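> Pasting the sequence and the predicted model now:
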Amino acid sequence: MISKSSAQTLALTELGRDTCPMEWQIKTSGAGLYEFTRDVAAKVTGTGVLTLFVQHTSCSLLIQENADPEVQTDLAAFFDRLVPPSDHPRMSYLRHTYEGPDDMPAHIKAAMLPTSLQIPVISGEMQLGTWQGIYIFEHKTVPHLRRVVGMMVGAVR
Amino acid sequence: MISKSSAQTLALTELGRDTCPMEWQIKTSGAGLYEFTRDVAAKVTGTGVLTLFVQHTSCSLLIQENADPEVQTDLAAFFDRLVPPSDHPRMSYLRHTYEGPDDMPAHIKAAMLPTSLQIPVISGEMQLGTWQGIYIFEHKTVPHLRRVVGMMVGAVR
Amino acid sequence: MISKSSAQTLALTELGRDTCPMEWQIKTSGAGLYEFTRDVAAKVTGTGVLTLFVQHTSCSLLIQENADPEVQTDLAAFFDRLVPPSDHPRMSYLRHTYEGPDDMPAHIKAAMLPTSLQIPVISGEMQLGTWQGIYIFEHKTVPHLRRVVGMMVGAVR
């Protein structure tokens, strides 16, 4: 039987020089927040800092309240009003519009919100607060498959 | 006599599997910025990257100018205008309002501003610029006790 | 002949206790985005997480789309409208104005956009997505020399 931490090490050795030791593929179906805290927790081992990194410039990572789902819809509603589609009169100064009216606003939201997260981990337990969940914040309207890579770095002892 | 770095190691061993090696409790008394750069400097040892992580979704961490206090009040004033209380007519679309008019705006500000900070450290000295200070940015109006956890990861040599 | 990774180690030893192992000086000539992805790639070695940290509070670091330059001008245009100069009527509440009309807006933008970036690295290759580039986002109108320090921390194996 292989323990969780041995399996982790094995995966890293197998993946070798080309791939991050952790990766998540998240399917999104329109703009909004998608929680994947449990998927992260299932892969994390050791003590140190976990870095999550999203390899896209039209969605974000976010740590936010995970109790009331209305927090998530309110967050999306706020950013939609702050950065309306590029065919909105207020956004007529935008030039990068040929990929659709949601494209440049997606890049703007991706600039304002995190591309990476860092979470302290003790003995495989992420040190999240009681109400903190980990989300993909999708800014595009059509479905996407989003790739998040993860890497643990060890604490100084 | 125990040196600073030995004390740090000892604390980590004692805390063991349950707690981060560094932690700060910061009392806030209303919205605004609270500097705690010196409290961080007092605990940091070694060479690597320090991660600070706040375990809440209604306040933020921030690195900002620490020379003129008006920078801090101007920052708070800007974000208060960008994200007014949920009883403001402009915010009537918000649904998560039962925790008070400052609650959902606090979550929005916490999405726009950092939950974690990463600071390079050389021989126990944070590599901050001349005018950079470390702050808790409180978004709630009533007093809170905010918990920030910290972890050092070692530089590759 | 010294291999790239030996040279890196040597540099760290030489720099010793006072300086970060990696540093970039970036000249800016007015507000906008300046890509320096290749300069970073040229110095990165090993496997772990690279932290980039800018030692200023009036410019930012950003990971953004590097295909169409109009994305970069649109980003700057959006933030200029969101945070106009302090002599704009909408900003009359600002108090920190003696360093010029672009100064407090620069601090506000520096609060909303990253001071540090974290990028997973495998065998010296940053794990950026296809369209992700690394930028300095300058918020000041006069030329500046911006200092970015970098540090690698090693992956847990």
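Arrived safely. Here the structure is a predicted model, which means the values were calculated and not measured. Numbering: from 1, shown residues only, chains lettered A, B, ... in the order given.
> hey, what's A:Leu50 bridged with?
Counting by DSSP bridges, A:Leu50 is bridged to A:Ile119, A:Met152.
> Give me the neighbour count for it.
The local packing of A:Leu50 (other Cβ atoms under 10 Å in any protein chain shown) involves 25 other residues. To be clear about C-beta, it is placed using only N, CA and C from the backbone, and glycine gets the same treatment.
> Run a quick check on it versus A:Val121, I expect a contact.
Yes: using Cβ atoms under 8 Å, A:Leu50 is in contact with A:Val121, at 5.2 Å.
> any common contacting residues for these two?
A:44, A:152 (Cβ atoms under 8 Å, 6 or more residues apart in numbering or on different chains).
> got the contact list for the most centrally placed residue in chain A?
When chain A is reduced to its mean C-alpha position, the closest residue under Cα atoms, centre = their mean turns out to be A:Leu61, at 2.9 Å. Counting by Cβ under 8 Å, 6+ apart, A:Leu61 makes contact with A:52-54, A:113-117, A:134-137, A:148.
> switch the cut-off to 10 Å
When the contact criterion is Cβ atoms under 10 Å, 6 or more residues apart in numbering or on different chains, the partners of A:Leu61 are A:36, A:52-54, A:110, A:113-117, A:134-137, A:146, A:148.
> Next: A:Arg38.
In this structure, A:Arg38 makes contact with A:133-134, judged by Cβ under 10 Å, 6+ apart.
> So it: helix, strand or coil?
In terms of secondary structure, A:Arg38 is helix; the call rests on DSSP: H, G, I helix; E, B strand; the rest coil.
> Repeat that for A:Phe78.
A:Phe78 falls in the helix class when you classify it by three-state DSSP.
> same question, A:Leu33
Assigned state for A:Leu33: strand (three-state reduction, three-state DSSP).
> Next, the distance between the ends of stretch A:52-66.
Terminal residues of stretch A:52-66 lie 18 Å apart, using Cα to Cα, to the nearest Å.
> Report the contact partners of A:Pro105.
Residues in contact with A:Pro105 (Cβ under 10 Å, 6+ apart) are A:31, A:58, A:79-80, A:82-86, A:88, A:91, A:94, A:139-140, C:74, C:78.
> Return the subset of the residues you listed lying in helices.
Cross-referencing the contacts of A:Pro105 against helices under DSSP state H gives A:79-80, A:82, C:74, C:78.
> how about the closest residue to chain B within chain A, phi and psi?
In chain A, the residue found nearest to chain B is A:Gly129; the distance is 3.2 Å by Cβ to the nearest Cβ. Taking degrees, to the nearest 10, you get phi -70, psi 170 for the backbone angles of A:Gly129.
> Could you check how many residues crowd around it?
Taking other Cβ under 10 Å as the criterion, the count of residues near A:Gly129 is 16.
> coming back round to it: check the contacts of A:Pro105 against chain B, which are close?
When contact is defined as Cβ under 10 Å from any Cβ of the partner chain, the contacts of A:Pro105 meet chain B at A:79-80, A:82.
> residue of chain A with the smallest distance to chain C?
When Cβ to the nearest Cβ is the measure, chain A has its nearest residue to chain C at A:Gln55, with 3.2 Å between them.
> on that earlier part again, next, format the ones next to chain B among the contacts of A:Pro105 as TSV and append distance to B:Ala41.
As requested, these are exported to TSV (distance: Cβ to Cβ, whole Å):
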residue	distance to B:Ala41
A:Phe79	35
A:Asp80	41
A:Leu82	36
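> could I get those as CSV with distance to chain C?
As requested, those are exported to CSV (distance: Cβ to the nearest Cβ, whole Å):
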residue, distance to chain C
A:Phe79, 12
A:Asp80, 14
A:Leu82, 8
